[in-house]
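K.L.:
Next come a sequence and a model predicted from it.
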Amino acid sequence: MSGPETIIQVACHAALVILGIAFLATVYRVVKGPTLPDRVLALDMLVGIAIGFIGVIAIRTGYTLYIDIAIALGLVGFLATIAFARFILARGIGGERPNEDGSVLGRDMQRHNARTRGHRGGRR
């Protein structure tokens, strides 16, 4: 093996390790959430990481068809992200944060509760 081949192999190994760590962290974000938009962004990130894996494998093997696969995956990932975003907008699902008890209220309900907190209605 000559010098440049060794450098490329070391760089590919390092890239695979970094991509593996990024993959695990992103899967954690998909599982943990806490909101639907967070999960959609994490899924989009997984597509980007998969494209990175495919690119590194294409460099290691020299098989150029992998690049075409990565481009197709990028297109499908982009379209899926757009579809999820339209779904979120159509449903009115925003970035609701969970309450202390773990339940999730919509923004309108959270505003209503904040305005009426401590008010029982009627006179005392």
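P.N.:
Ah, there it is.
K.L.:
low-confidence ranges in the protein?
P.N.:
Along the chain, the model assigns pLDDT under 70 to residues 1-2, 94-124.
K.L.:
need the strands for it, in chain order.
P.N.:
In the chain, no strands are defined using DSSP state E.
K.L.:
Spatially central, which residue of it would that be?
P.N.:
In the chain, the residue lying closest to the centroid (CA atoms, centre = their mean) is Ala42, at 0.8 Å.
K.L.:
Quick check: that residue touching Thr26?
P.N.:
Yes. Ala42 is in contact with Thr26 according to CB atoms under 8 Å; the separation is 5.3 Å. Quick note: C-beta positions are derived from backbone N, CA and C, even for glycine.
K.L.:
contacting residues for the closest residue in space to Ile51 that isn't next to it in sequence?
P.N.:
Nearest non-adjacent residue to Ile51, counting by CB to CB, 6 or more residues apart in numbering: Ala70, 4.7 Å away. Taking CB atoms under 8 Å, 6 or more residues apart in numbering, we find Ala70 in contact with Ile51, Ile54, Gly55, Ala58.
K.L.:
Not counting sequence-adjacent ones, nearest residue to the last one?
P.N.:
With sequence-adjacent residues excluded and distances taken as CB to CB, 6+ apart, Ala58 is closest to Tyr66, at 3.6 Å.
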